[in-house]
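Participant: can't give you the sequence, but here's the structure:
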């Protein structure tokens, strides 16, 4: 539904007390009201809303906040074809060649490498955050490589199959001292619900870790927080979580510290992360699968 004038009314001076309509129930940790799938009730609610607001029924979801949505009997497919074409046109690469990889492998880009761009406007319009303050020719060339990759794969996206099992699985990794000029760590994790990718992160953290174990533990702590939130969300949507979520990490020492309740001088600088992960581990919210 597209609401034209929802925010154009004057200020309300009276006190307003809101209670859920009859037949609905509110979940304590969110603002979600659930009453199953009842198309007659949905139509009735739409008509009631139209009495107070100018509303237009846009039909089945096809485009929302830059995301294109295609539904089929097998699932839902999300992509950004229109936005990708806009980026390609903005970069002037409509007739360019495509590349197989968006970025060169094992290349570290530095803040002060190469000559400054005389006009950084195009780089900033392409919305690549790193080096935004003072972009250089090499940085723009890298962005053009990313867009050439998109040129060859404009319809790539995410597919959410209907019959996928509701098994939540997490993967955690980190690039220790991965930033070439600040040596800050880069945290990475992703979450799958069955075969569908539902959440992910790749972020440079505002901290410098003194060891790979510390950096891995920080990344796992971030992933653990996301898992706990996803479990809570799924429970609110009617899928209570009964089994611990497996989280895959490639650092054996991190897993051993989690399973060992003893702290020492080697671990006190990461003790907060240790406690947060161990709390989830002891509470059977997460588990560490054995690697073959």
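Facilitator: Perfect, thanks for sending it. What you see is a predicted model, and the numbers here were worked out from it, not measured in a lab. Numbering: from 1, shown residues only.
Participant: quick one: contacts for residue 109?
Facilitator: Listed by Cβ atoms under 8 Å, 6 or more residues apart in numbering, the contact partners of residue 109 are 130, 131, 138, 139, 142, 180. Where C-beta positions appear, they are placed from N, C-alpha and C, glycine not excepted.
Participant: These in helices, which ones?
Facilitator: Secondary structure assignment (DSSP state H) places 138, 139, 142 from the contacts of residue 109 within helices.
Participant: between those, which is nearest residue 98?
Facilitator: Within the ones in helices among the contacts of residue 109, distances to residue 98 taken as Cβ to Cβ reach their minimum at residue 142, with 15.8 Å.
Participant: can you count the residues close to the closest one?
Facilitator: Counted with other Cβ atoms under 10 Å, the neighbours of residue 142 add up to 20.
Participant: how far away is it from residue 83?
Facilitator: Computed with Cβ to Cβ, to the nearest Å, the distance linking residue 142 and residue 83 is 20 Å.
Participant: Need the three-state assignment for residue 78.
Facilitator: Under DSSP: H, G, I helix; E, B strand; the rest coil, residue 78 falls in the strand class.
Participant: do you know how far it is from residue 201?
Facilitator: Distance, residue 78 to residue 201, by Cβ to Cβ: 18 Å.
Participant: With distance to residue 221 as added columns, please give the contacts of residue 109 in TSV.
Facilitator: Listed next are the contacts of residue 109 as TSV, based on distance: Cβ to Cβ, whole Å:
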residue	distance to residue 221
130	24
131	28
138	34
139	31
142	31
180	24
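Participant: I'd say residue 85 and residue 154 touch.
Facilitator: Yes: counting by Cβ atoms under 8 Å, a contact exists between residue 85 and residue 154, whose distance comes to 6.6 Å.
Participant: what about the two, which has more around it?
Facilitator: Neighbours were counted for residue 85 and for residue 154 using other Cβ under 10 Å; residue 154 has more, 17 against 14.
Participant: thought residue 114 was touching residue 142?
Facilitator: No: because the distance of 10.5 Å does not satisfy Cβ under 8 Å, residue 114 is recorded as not touching residue 142.
Participant: So the residue lying closest to residue 125 once chain neighbours are set aside versus residue 138, what's the distance?
Facilitator: Leaving aside its sequence neighbours, residue 125 sits nearest to residue 90 (Cβ to Cβ, 6 or more residues apart in numbering; 6.1 Å). Distance, residue 90 to residue 138, by Cβ to Cβ: 20 Å.
Participant: Show me which of the two is the more surrounded one.
Facilitator: With other Cβ under 10 Å as the criterion, residue 90 and residue 138 differ in neighbour count, and residue 138 comes out ahead with 16 against 13.
Participant: ok, the more buried one - contacts?
Facilitator: Taking Cβ under 8 Å, 6+ apart as the criterion, residue 138 is in contact with 109, 113, 114.
Participant: Sort out for me which of the residues you listed are in helices.
Facilitator: With DSSP H as the criterion, helices contain none of the contacts of residue 138.
Participant: can I get the residues you listed in a markdown table with distance to residue 41 and pLDDT?
Facilitator: Output for those, formatted as a markdown table (distance: Cβ to Cβ, whole Å; pLDDT from 0 to 100):
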| residue | distance to residue 41 | pLDDT |
| --- | --- | --- |
| 109 | 54 | 76 |
| 113 | 60 | 78 |
| 114 | 61 | 81 |
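Participant: can you list the domains in this structure?
Facilitator: The chain breaks down into these structural domains: 1-59, 62-163, 166-287 (assignment by automatic domain parsing).
Participant: Pick the most deeply packed of the ones you listed.
Facilitator: Each of these was scored by mean neighbour count; the highest is domain 166-287, a mean of 17, by mean count of other Cβ atoms under 10 Å.
Participant: Any stretches of this structure with poor pLDDT?
Facilitator: Low-confidence segments of the chain (pLDDT under 70): 5-10, 19-36, 176-184, 205-213, 251-275, 290-292.
Participant: That one: strands as residue ranges?
Facilitator: If you assign secondary structure with DSSP state E, the strands in the chain sit at 2-3, 25-26, 33-34, 55-56, 63-64, 67-72, 75-79, 157-161, 168-175, 186-193, 196-204, 245-248, 286-287.
Participant: out of the ones you listed, which comes closest to residue 215?
Facilitator: Judged by Cβ to Cβ, the one of the strands of the chain that comes nearest to residue 215 is strand 168-175, at 4.7 Å.
Participant: Where do the helices of this structure begin and end?
Facilitator: Ranges of helices within the chain are 39-50, 81-91, 121-125, 137-152, 212-236, 252-259, 271-282, based on DSSP H.
Participant: Include distance to residue 195 when you put these into a markdown table, please.
Facilitator: A markdown table is the format used below for the helices of the chain (distance: least, Cβ to Cβ, whole Å):
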| stretch | distance to residue 195 |
| --- | --- |
| helix 39-50 | 29 |
| helix 81-91 | 22 |
| helix 121-125 | 36 |
| helix 137-152 | 24 |
| helix 212-236 | 16 |
| helix 252-259 | 25 |
| helix 271-282 | 24 |
